[in-house]
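Participant: below: sequence and its predicted model.
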Amino acid sequence: MASIAPPDVIRSAYAELVVTDLAAARWFYVDVLGLVVTAETDDALYLRAYEEYTHHSLVLRLGEAPALALLSYRVRGLQEVDAAEAYFRDLGVRVQRVPAGTTLGIGEAVRIEDPLGFPIEFFYDCTHVERLTQRYDLQPANALSRLDHFNVLTPDVPAAEAYYRKLGFGVSETIEDADNLYAAWLFRKQTVHDIALTNGDGPRLHHLAFAAHERGNILSTCDLLGALNKQGMIERGPGRHGVSNAFYLYVRDPDNHRIELYTTDYYTGDPDNPTVRWDVHDDRRRDFWGNPVVHSWYSEGTVVLDLDGKPRALGSAAASEEKVRVGADGFSVAEDLGEGKLGNQV
Ligand SMILES: O=C1C=CC(S(=O)(=O)O)=CC1(O)O
Ligand SMILES: [Fe+2]
């Protein structure tokens, strides 16, 4: 029997995070990160960045405990929502067809619990709102332009990569050695990724990333956090990634959700775009300048909910990048640490 074609995914479009204090979250995402409020209710905020004309790219919903409630991809038309329903019903995962307005501003959609354990949505129709690209009268120094990607923690990166390749995603970069594939970056839009797969206990969300136009926007967020004496919300960076080449900063929100600010990765749109394969022992892979990758960045993530809103149990990761190479700080494998010598010290 002919296999059923996957839906034509355009890009990672929005995420829904559960936050425990909506006012604190509003302060962080609106007053500090500069996202724009498209709509707000007693228990939810619908936010977008300055280049975005679709209703939102982030929903913050008040709840008991911090969690990821949904990762949502936009597809190329309503017929692709139908294709998603057929494809995933054939795949045998849990599928829900939800009516327009289930999420404010989003049309009819299909929601699944994907094979990796994540709550995923596919939609096309949505409410258009003012695109603020040239509203320089509104933009702060640290303005963000758009949602760029999701990064998820999963215990079996090879299986996850194969699943996303079958969905038509291209592989832009990997981190690997002879024994393991530790991480992979996959795309549908013509940049480095819409989804990154990070080796670790999962399913958990590692981070959501917003793109800025230039490094100065990101440095302005660093300055703002310092001025507010909230520099402790900076987890990693600023720095230059090896993978993706992007300039980056990772911050933790009041519920400890991880947000990356990200700029200047590269075009991946030609059909023969080559995959960049990093050796896990290359200390430039995670930070091109050799800055340390802090332990929390490898180990911490956000709980994921199923379609009934219940937290998913975690599977344990077989391999661990951190055990092989802590990352750009040059710590080498365990025996180097055992002798008290740093892998990169002469
Ligand atoms: O977006 C990203 C691009 C590169 C990296 S890495 O730390 O350079 O591997 C991490 C990341 O997945 O957040
Ligand atoms: Fe990222």
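Facilitator: Looks like it came in fine. Ligands and ions are numbered 1, 2, ... in the order given.
Participant: can you read off the pLDDT for the residue of the stretch 1-150 of the chain found nearest ligand 1?
Facilitator: Per C-beta to the nearest ligand atom, H149 is where the stretch 1-150 of the chain lies closest to ligand 1, at 6.0 Å. For every residue, glycine as well, the C-beta is placed using N, CA and C. Here the pLDDT value assigned to H149 is 99.
Participant: same thing with V324?
Facilitator: The model reports V324 with a pLDDT of 78.
Participant: so how far is D177 from it?
Facilitator: As for V324, its distance to D177 is 7 Å (criterion: C-beta to C-beta, to the nearest Å).
Participant: find the residues that touch each one of these two.
Facilitator: 280-281 (C-beta atoms under 8 Å, 6 or more residues apart in numbering).
Participant: who's more crowded, the two?
Facilitator: Neighbours were counted for V324 and for D177 using other C-beta atoms under 10 Å; V324 has more, 18 against 15.
Participant: got the phi/psi numbers for the closest residue to the more buried one other than its chain neighbours?
Facilitator: In space, and not counting its chain neighbours, V324 is closest to V280: 5.3 Å by C-beta to C-beta, 6 or more residues apart in numbering. With angles defined as degrees, to the nearest 10, V280 shows backbone torsions of phi -60, psi -20.
Participant: shouldn't V280 be in contact with E321?
Facilitator: Yes. Using C-beta atoms under 8 Å, V280 is in contact with E321, at 6.0 Å.
Participant: tell me, what's touching the two both at once?
Facilitator: Counting by C-beta under 8 Å, 6+ apart, the residues touching both V280 and E321 are 175, 182.
Participant: sorry, back to before: which pLDDT value does the model give the residue nearest to V324?
Facilitator: At V280, pLDDT is 94.
Participant: so what's it up against?
Facilitator: V280 touches 175-177, 180, 182, 321, 324-325, counting by C-beta under 8 Å, 6+ apart.
Participant: change it to 7 Å
Facilitator: Neighbouring residues of V280 by C-beta atoms under 7 Å, 6 or more residues apart in numbering: 175-177, 182, 321, 324-325.
Participant: any figure for the gap between it and ligand 1?
Facilitator: 11 Å (C-beta to the nearest ligand atom, to the nearest Å).
Participant: how about residues contacting the strand ranked longest in the chain?
Facilitator: Taking DSSP state E as the criterion, the chain has its longest strand at strand 9-19. By C-beta under 7 Å, 6+ apart, the residues outside strand 9-19 that reach it are 25, 54, 56-63, 65-76, 147, 149-150, 167-168, 188-189, 194-195, 208, 255, 257.
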